[in-house]
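A.B. asks: Provided below for reference: sequence and predicted model.
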Amino acid sequence: MAERGLRERKKADTRSALADATLRLAADRGWEQVTVEAITDAAGVSYRTFFNHFSAKEEALLLPGGDDQPRLSARLRDQPADIAVLDAVRAALHDELADLETDPGALRNRMTVVLGNPSLLPRLVEMGATDERELAQAIAERTGQDVEADLHPALLAAVLSATVRVVLGRWHLQDGATPLTTLADEALRALAGGLPAPPPAG
């Protein structure tokens with residue numbers, strides 16, 4: 001068990017070094033100038049080692065935790081079964097956003113790179129669609145619904161996906177002045193209130 005734990009820690013350390021190098025190079029050189037060779041040189045590992053952890057440089061940037069990175073769907077499944085679905089979703093979302101904000105500098109840099117490089121959009125869309133389907137399935141399991149036949153799971157998953165995108169965008173524009181969880185709570189309250197019209201200008 002100790003040997004296995006050591007291997008897992010070493011794997012996590014290598015993956016983190018690769019993800020950190022990817023982000024650093026992207027911020028310094030520009031995304032299009034980043035190659036897997038440059039990433040592995042900066043991280044001090046072999047070219048082949050990179051592909052033991054990530055399928056491509058895009059994954060190293062957008063999913064730095066690799067396959068072990070918790071997804072919102074998994075966080076939702078970890079919530080107590082006896083709480084209401086919206087309360088469970090809020091708690092899961094808080095966990096997700098709090099993790100993202102543990103290194104605000106890295107998050108700001110990652111978002112700057114992503115927002116400045118439209119070539120990353122296809123991978124973002126693909127990842128977002130996968131995450132949304134998994135989240136809808138987790139919601140359906142919690143509510144006893146059929147993810148294919150019932151509207152609620154897919155609709156709630158789509159709303160939450162949009163909420164995360166808007167919250168991250170606002171956080172980035174504000175340079176991290178307001179915690180992500182606070183912005184998320186504001187967004188969820190607005191949604192729960194039926195998106196009331198804003199007050200008249202002036």
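C.D. replies: Thanks, I have it. Only a predicted model underlies this, so the values are computations on that prediction, with no experimental measurement involved.

A.B. asks: what stretches of this structure score poorly on pLDDT?
C.D. replies: 1-4, 195-202 (pLDDT under 70).

A.B. asks: May I ask you to name the longest helix in it?
C.D. replies: Longest helix in the chain by number of residues (criterion: DSSP state H): helix 2-29.

A.B. asks: got the buried residues for the helix or strand just after that helix?
C.D. replies: Beyond helix 2-29 in the direction of the C-terminus, DSSP states H and E gives the next helix or strand as helix 36-43. By 16 or more other Cβ atoms under 10 Å, the buried positions in helix 36-43 come out as Val36, Ile39, Thr40, Ala42, Ala43. Backbone N, C-alpha and C define where each C-beta goes, glycine included.

A.B. asks: Once you drop chain neighbours, what's closest to Thr35?
C.D. replies: Lys57 (7.4 Å; Cβ to Cβ, 6 or more residues apart in numbering).

A.B. asks: list the contacts for that neighbour?
C.D. replies: Thr22, Val34, Thr35, Val36, Ile39 (Cβ atoms under 8 Å, 6 or more residues apart in numbering).

A.B. asks: Adding distance to Asp99, write those residues out as TSV.
C.D. replies: Listed next are the contacts of Lys57 as TSV, based on distance: Cβ to Cβ, whole Å:
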residue	distance to Asp99
Thr22	19
Val34	24
Thr35	29
Val36	26
Ile39	23
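
A.B. asks: Select, from those residues, the two members most distant in space.
C.D. replies: Spanning the widest gap among the contacts of Lys57 are Thr22 and Thr35, at 10.3 Å by Cβ to Cβ.

A.B. asks: out of the two, which sits in the more crowded spot?
C.D. replies: Thr22 (28 against 13; other Cβ atoms under 10 Å).

A.B. asks: wait, doesn't the more buried one sit right on Leu61?
C.D. replies: Yes. Contact criterion Cβ atoms under 8 Å: Thr22 and Leu61 qualify, at 5.2 Å.

A.B. asks: for the chain, what spans make up the helices?
C.D. replies: 2-29, 36-43, 47-50, 57-62, 72-77, 85-100, 104-115, 121-143, 151-173, 180-192.

A.B. asks: Break the protein down into its structural domains.
C.D. replies: For the chain, the structural domains run 1-63, 70-194, going by automatic domain parsing.

A.B. asks: Please state the offset of the shortest one from the chain centre?
C.D. replies: What it means is domain 1-63. Centroid separation for domain 1-63 versus its chain: 17 Å, with Cα atoms, centre = their mean, to the nearest Å.

A.B. asks: Could you do the longest one as well?
C.D. replies: The chain centroid and the centroid of domain 70-194 are separated by 8 Å, computed with Cα atoms, centre = their mean.
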